[in-house]
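Student: Below: sequence and its predicted model.
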Amino acid sequence: MSNDLKQVIENYNESGLNKLIVKLDHVAYRVKMGERIPTMQAMMNLLPYREFKNFKILRANAITTCIKLHDTSPVIVISEGLNEDSIVEKYCQKYGSRVHHLAYLVKDIVKVVEIQKSRGVQFTSDGVIGSESEGIKQIFTMPIGTTNHIIEYIQRFGDFDGFFTLNNVENLMISTAKLGKA
Ligand SMILES: [Fe+2]
């Protein structure tokens, strides 16, 4: 292992993040208009995924489908813009249809963000999006330089078992709007 990598791991262990980050929760794709159903069909042809949730995100002009393999995680989330002005479509015009983010379940998102900010990590929004009363809190990091995908931190509360609330997902998508225009 390179010394650079060893240093990252050492730094990470010291930060306390190890105990706060649990597992990969969902993988989110953004695809060009008209490609959401073909993407689902292709994946469901290769693997026994089942469709279990659909959301229309009005403020972001997008539609999102979630598919699940048995009862396992990560869930696959596929979003498609509904018109040319959609944040999702603009992103895909720039980067193509691709993985947009990997979301990791965490124990204390406020603490995770505090630690990461102190380590110089940047986010697409100033603070965490969502609330305990809504059952979910989420935040996006700025994209990783090489692969250009985002890391999402997600924390759920109570019996909430979704991947976002409609208000959250709109705010999250809007927080990435600048990335499509960059
Ligand atoms: Fe997500």
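Tutor: Yes, it's here. This one's a predicted model, so the numbers in the text were calculated from it and none came from an experiment.

Student: Which one of the residues in this protein is closest to the ion?
Tutor: As assessed by Cβ to the ion, the ion sits closest to residue 103 within the chain, at 4.2 Å. For every residue, glycine as well, the C-beta is placed using N, CA and C.

Student: wait, is that residue part of a strand?
Tutor: Yes - Residue 103 forms part of a strand when assessed by DSSP: H, G, I helix; E, B strand; the rest coil.

Student: and it, what is it in contact with?
Tutor: Residue 103 makes contact with 24, 25, 26, 27, 28, 74, 138, 151, 152, 153, 154, 163 under the criterion Cβ atoms under 8 Å, 6 or more residues apart in numbering.

Student: Now the residue nearest to the last one when sequence neighbours are not counted: which helix or strand?
Tutor: Same thing as residue 163. Closest residue in space to residue 163, ignoring its immediate chain neighbours: residue 26 at 5.5 Å, by Cβ to Cβ, 6 or more residues apart in numbering. Taking DSSP states H and E as the criterion, residue 26 maps to strand 21-31.

Student: quick one: average pLDDT of the top helix by length along the chain?
Tutor: Longest helix in the chain, counting residues (DSSP state H): helix 3-15. What helix 3-15 shows for mean pLDDT is 86.
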